[in-house]
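Asks: need the 3D shape of this:
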Amino acid sequence: MSTWLHRIGSFSSRNRRLVLAAWIVVAVGLALLNRTVGGVAVDNFEVPGVESQAATDMLQERFPEKAGATAMVVFHTDTGAITDPALAVGVTATIDEVRALPHVLAVTEPLASPRSISPDVSTAFASVQFDGTTADLGRSTLDALLDTADPARAAGVQVEFGGELPTVLKEESTGPSEAIGVIAALIILLITFRSLIAMALPLVTALTGLLTGLSVIGLLGGWIDIPSVAPKLGTMIGLGVGIDYALFILSRHRDNLAAGMDIDESIGRTNATAGNAVVIAGSTVVVAILGLQLAGIPFVAALGYSASIVVAIAVLVAITLLPALLGFAGTRVLSRSQREHTATADAGHSGWVRWAHWVAYHPWRSSIAATTVLLALSVPMLDMQLGQADAGTAPTSTTQRRAYDLLADGFGAGFNGPLLLVVDLGTTPDPTMIDRITAAVTADAGVRAVSPAQVNTAGDTAIITAIPTTKPQDAATSGLVHRLRDTTLPGVTADATATVLVGGPTAGFIDQSDKISGRLPWFIGAVVAMSFLLLMIVFRSVLVPLKAALLNLLSIGAAYGVVVAVFQWGWGRSLIGLDEAVPIASFVPMMMFAILFGLSMDYEVFILSRIREEYHRGHTNIDSVVEGLGATAKVITAAALIMISVFLGFVASPDPIVKMMGVGLATAVAVDATIVRMVLVPSTMALVGDANWWLPRWLDRLLPHLDLENEPATTAGTQIDTATR
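Replies: Sure, this is the predicted structure:
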């Protein structure tokens, strides 16, 4: 692969105008094509193979008028009663407008039944039934619904919109997330390289790759449902890895130029060495993220497709466009002192050598202290509760959150999480079955109220709505769903032909969490096994990949612990603009693990290849660790700081899931690049000694060769070591 990358780098440098023009055409062309024919983001939470999905499928087949999306129009007054004539006129006018909207099948009368008016008579609601799913209806349907509020508001009534449609199709605010990360990256790059050209190149390549990647994601949305959070996550990951990969290649190129190498030759060699590591690291990120398909949930798989696209394009930009830009930049990527050959010894390098020397010669003390810190950070992970961020976790400035709070205050905490019981009455319905089911469900202490059953025209299917006593995110609500399915309902239908399925959005989110929880250990095991095999092939060692796998687990455990402490326990939540503690979104741990695995592989390949190079040059094991860490620590630190800044920038997003990913990934990178790479890796390698590089001969013969060390011969017949950056 190094020969291939050397040719690409040399070609891009020699034909830099052609390569630059090609990338401009591709990036702009895809962006325009996306705006013309690209799809829109759709949150499709289908979970194949679970009971809630079976309930939805049965409704679509037998009770289609009840299978579509729903919404709640909530009316509230702080003075008097919502039934006062002056207010009632406005409420009725708004309901008339809602009823006249396209795709609306039915609307309940908010003031006609005591069931739809709160006990204090300050709040009323209307349920809206649509004829399609949220994916079918789209944002335009929600916009039309929101526009119906004017008559009631003109009468002095507060009108808010909640339920499924407003929550799923909510408008995604952009915020300053991207700008924060870009500004921080610029500052770090300028401090690291002391050159404006060198500072700008990683940003240019990262933004080019991000624009291209997001355009491809938009086009992919024309074929599959792409979640609304996917562009945000894609931006977060694309900026981080795009800058990171460019930084590694640029750093190696600067070293070559500072050593007096010709510009074109340096670009080719850099692409064959640092570019080789970037391709391997990026490939592992892509493969790991694509492993999200193991969740068996289209929503999660689509997130994996989106993230893998931006990473793959970031790699492609780094090994093609960046060499062309380096050709344009020439020696201006060096600082002025380097160009004038007046640079002194790198004090930062010497400082990192002293640090590496201390760690390597105090391995027990270093490894025990670092492991203790990681284990302490991991403790909250044991209390992780997977759930789903719904309207109750949205910012209080949104209409769906205000509707959620009004309904909870007026009708009880569980009103926002109704359970839909879909009853298959069979070919010969038992006339007493519905009453028996209703009585059994009502008797459960976790149920606040049960609505009268609705039966389809064929008489073979009924719907019963049960209102829990607890919020949708509470563990007690999940316990109620499992209790109804496992005990209560089977006890009623045991001797009958009827069956009952517990569905609805709340049950669907619970099923999604349960399915991911069951598959998460298998996913982690597959990712760890893959990392072990890949590192064993690259470094021809058994113990190096084994330690890497164990350290990855410690690192991700610490990140999980911090996420639980901040979001689930609420520690310091006000610092990140979170209104209240929330459960951990079910797909976040799996997504975090996939991304962190790839990023840690990047740093792992970078530092271990340099250590192995020093060892093969004849240095002792400890001296190899000291020299390898000292030579790579500066670039790893700069790359990690940029990645952390990018991820933390997304904490400014109002979306709790985006905040969660930002905090989790920033913590994971910080832990991995400091405690793991700068302390645990060198200390454990010093403890193990020469056995680090042991590989049985029979295994060496079986494993394919993917060697990072040999670059293709140059025209002079020389070679360089690809591990040196």
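Asks: so what does the helix or strand hosting Pro589 touch, helix or strand wise?
Replies: Using DSSP states H and E, Pro589 maps to helix 588-616. Applying 3 or more C-beta pairs under 8 Å, 6 or more residues apart in numbering; DSSP states H and E, one finds that helix 588-616 makes contact with helix 230-258, helix 263-290, helix 298-329, helix 505-539, helix 543-563, helix 621-649, helix 656-671, helix 681-688. Every residue, glycine included, has its C-beta placed from N, CA and C.
Asks: could you dump these into CSV with distance to Leu608 added?
Replies: Listed next are the helices and strands packed on helix 588-616 as CSV, based on distance: least, C-beta to C-beta, whole Å:
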stretch, distance to Leu608
helix 230-258, 14
helix 263-290, 10
helix 298-329, 20
helix 505-539, 6
helix 543-563, 6
helix 621-649, 8
helix 656-671, 18
helix 681-688, 8
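Asks: so where is the stretch 501-650 of the chain shaky, pLDDT-wise?
Replies: Along the stretch 501-650 of the chain, no part satisfies pLDDT under 70.
Asks: got the angle for the helix holding Pro589 vs helix 681-688?
Replies: Interaxial angle of helix 588-616 relative to helix 681-688 (axes from the mean of the first three to the mean of the last three C-alpha atoms, to 10 degrees): 60 degrees.
Asks: quick one: distance of helix 588-616 to the chain centre.
Replies: 19 Å (C-alpha atoms, centre = their mean, to the nearest Å).
Asks: quick one, which of the helices and strands packed on helix 588-616 is nearest to Asp84?
Replies: Asp84 sits nearest to helix 505-539 of all those, at 33.1 Å, using C-beta to C-beta.
Asks: list the buried ones in that closest one?
Replies: Within helix 505-539, the residues that count as buried by 16 or more other C-beta atoms under 10 Å are 505-516, 519-520, 523-524, 527-528, 530-532, 534-536, 538-539.
Asks: pLDDT weak spots in the stretch 151-300 of the chain?
Replies: Residues of the stretch 151-300 of the chain that meet the criterion pLDDT under 70 lie in 171-178.
Asks: ok, now how distant is the closest residue to Arg610 other than its chain neighbours from Trp23?
Replies: In space, and not counting its chain neighbours, Arg610 is closest to Gly628: 4.1 Å by C-beta to C-beta, 6 or more residues apart in numbering. To Trp23, Gly628 is 35 Å away according to C-beta to C-beta, to the nearest Å.
Asks: who has more neighbours out of those two?
Replies: More neighbours surround Gly628 than the other of Gly628 and Trp23, with 26 against 21 (other C-beta atoms under 10 Å).
Asks: my read is that that one contacts Arg617, right?
Replies: No - using C-beta atoms under 8 Å, Gly628 makes no contact with Arg617, being 10.7 Å away.
Asks: before we move on, the earlier item: could you give the angle of the helix holding Pro589 to helix 621-649?
Replies: Inter-element angle recorded for helix 588-616 and helix 621-649: 150 degrees (by the same axes, to 10 degrees).
Asks: so helix 588-616 versus helix 263-290, what angle?
Replies: Using the same axes, to 10 degrees: helix 588-616 against helix 263-290 is 140 degrees.
Asks: mind listing what's buried along helix 588-616?
Replies: For helix 588-616, burial by neighbour count (16+ other C-beta under 10 Å) applies to 588-615.
Asks: picking up where we left off before, what residues are shared contacts of Gly628 and Arg617?
Replies: Residues touching both Gly628 and Arg617 by C-beta atoms under 8 Å, 6 or more residues apart in numbering: none at all.
Asks: could you pull up the residues touching the closest residue to Leu687 other than its chain neighbours?
Replies: Spatially, and ignoring its direct neighbours in sequence, Leu687 is nearest to Pro363 (4.6 Å; C-beta to C-beta, 6+ apart). Pro363 makes contact with Pro682, Ser683, Thr684, Ala686, Leu687 under the criterion C-beta under 8 Å, 6+ apart.
Asks: and those, which two are furthest apart?
Replies: Pro682 and Leu687 (9.8 Å).
Asks: list of residues touching stretch 296-304?
Replies: Stretch 296-304 has contacts (C-beta under 8 Å, 6+ apart) with 43-49, 224-227, 229-230, 233, 289-293, 295, 512, 515-516, 519, 587, 590-591, 594.
Asks: just the buried members of these?
Replies: Looking at the contacts of stretch 296-304 with 16+ other C-beta under 10 Å, the buried ones turn out to be 43-47, 225-227, 229-230, 233, 289-292, 295, 512, 515-516, 519, 587, 590-591, 594.
Asks: now do the strands in the stretch 351-500 of the chain.
Replies: Under the criterion DSSP state E, counting those that start in this stretch, the stretch 351-500 of the chain contains strands at 386-387, 419-424, 447-450, 454-455, 461-468, 499-503.
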